[in-house]
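quick one: sequence and predicted model below, then my questions.
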Amino acid sequence: MEEDIKTTSAPWKQIANMWNTYFTSPSRISQDENKKYKEWLREIKKGKIKALVLGVTPEIREALIALDYEITCIDINKEMILAMDSVLKVKSPNEVVINENWLENSLMDNTFDVVIGDCVLSNVKWEERDKLLLEIKRVLKPNGIFITRFFSIPREKPFKTINKLLEHFSKKEFNYKSALELVFELQIFCYNSEDHKGTFSEPKKVLEKFRVKNNFNFESKNLNKILDIVWNFWCEKYLNKIYYYPYRDEEEQRIKKFFEILKIYEAKDHNYSKITPMYFLKK
Ligand SMILES: C[S@@+](CC[C@H](N)C(=O)[O-])C[C@H]1O[C@@H](n2cnc3c(N)ncnc32)[C@H](O)[C@@H]1O
């Protein structure tokens, strides 16, 4: 297996059956983002048109089914295809799911009216971002639309020290959402703009220093429980995964080389929408 696929795409296999529990907004599509995806898809739906989904994200497929799109999905991991099928609330008998790499695939040129994929760019190596954008352009019809959301890193890190970061989370309720937000913050805290990597190994090293006899022992019981999830799931099961994150302005510049930006949306229902904006783009 190629080295980059081992760290960017294959780790999804390990967590496929746990995705529905551990992936909450803002990693997963929030309600408001879901509403916006549906609105944009409704807006461009004229007659029988073809959509390509990058990945097998259930919310996107359900929206396309409701609008009677012809749907093709492409995902490299069989495990994710099966796991997401079991989460889908409605199924389409006509949907085609292709088990292939976005970067090397058998899709024909000029085939789709719309390509849609939630936070896909962070799943390919930094050097392959342009290649993915070119692939999307290649399979889109002239004037085709690309709809996506991306993860980015704020130029100013919100927490200067790990103690301040953990203190902030000690006041949070214990749930999977708090755990995911803590993971997000740890990745931002550890981010190095030289390599653009969002890893779980760096956060793990940072947290390791707070372990006492294989446990977290903060005064806040909630913080200990949130950290247990971060440690046991994100820093163990998903340890080998590497995301690649840009700064938002840098990513917009890149996108403009390939697409015209027609609309940008920042969700109203979570605190990370400035760094997880949604884009409606024209080829
Ligand atoms: C659509 S992305 C991101 C979804 C979600 N918003 C998140 O970040 O949790 C996740 C999906 O992409 C798939 N994937 C990752 N890299 C891929 C690649 N190079 N080719 C095809 N599928 C890929 C994974 O198997 C997974 O099902």
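Yes, it's here.

assign the closest residue in space to Ser201 that isn't next to it in sequence to helix, strand or coil.
Residue nearest to Ser201 in three dimensions, not counting chain neighbours: Leu239, with 6.3 Å by C-beta to C-beta, 6 or more residues apart in numbering. The C-beta positions use only the backbone N, C-alpha and C, and glycine is treated the same way. Secondary structure for Leu239, judged by DSSP: H, G, I helix; E, B strand; the rest coil, is coil.

in contact with Leu239, which residues?
200-201, 204 (C-beta atoms under 8 Å, 6 or more residues apart in numbering).

dihedrals phi and psi, the residue nearest the centre of the chain?
The centre of the chain sits closest to Cys119, judged by C-alpha atoms, centre = their mean, with a distance of 3.6 Å. Dihedral angles of Cys119 (phi, psi; degrees, to the nearest 10) stand at phi 50, psi 50.

what of Ile264?
Dihedral angles for Ile264 - degrees, to the nearest 10 - are phi -130, psi 140.

what about it, how many neighbours?
12 (other C-beta atoms under 10 Å).

what pairs with it across the strands?
Tyr279 (DSSP bridges).

isn't it up against Leu281?
No - applying C-beta atoms under 8 Å as the test, Ile264 and Leu281 come out as separate, 9.6 Å apart.

just the buried residues of the contacts of Leu239.
200, 204 (16 or more other C-beta atoms under 10 Å).

okay, the contacts of Leu239 in JSON lines with secondary structure, pLDDT and distance to the ligand next?
Converted to JSON lines, the contacts of Leu239 look like this (DSSP: H, G, I helix; E, B strand; the rest coil; pLDDT from 0 to 100; distance: C-beta to the nearest ligand atom, whole Å):
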{"residue": "Phe200", "secondary structure": "coil", "pLDDT": "96", "distance to the ligand": "13"}
{"residue": "Ser201", "secondary structure": "helix", "pLDDT": "96", "distance to the ligand": "18"}
{"residue": "Lys204", "secondary structure": "helix", "pLDDT": "97", "distance to the ligand": "19"}
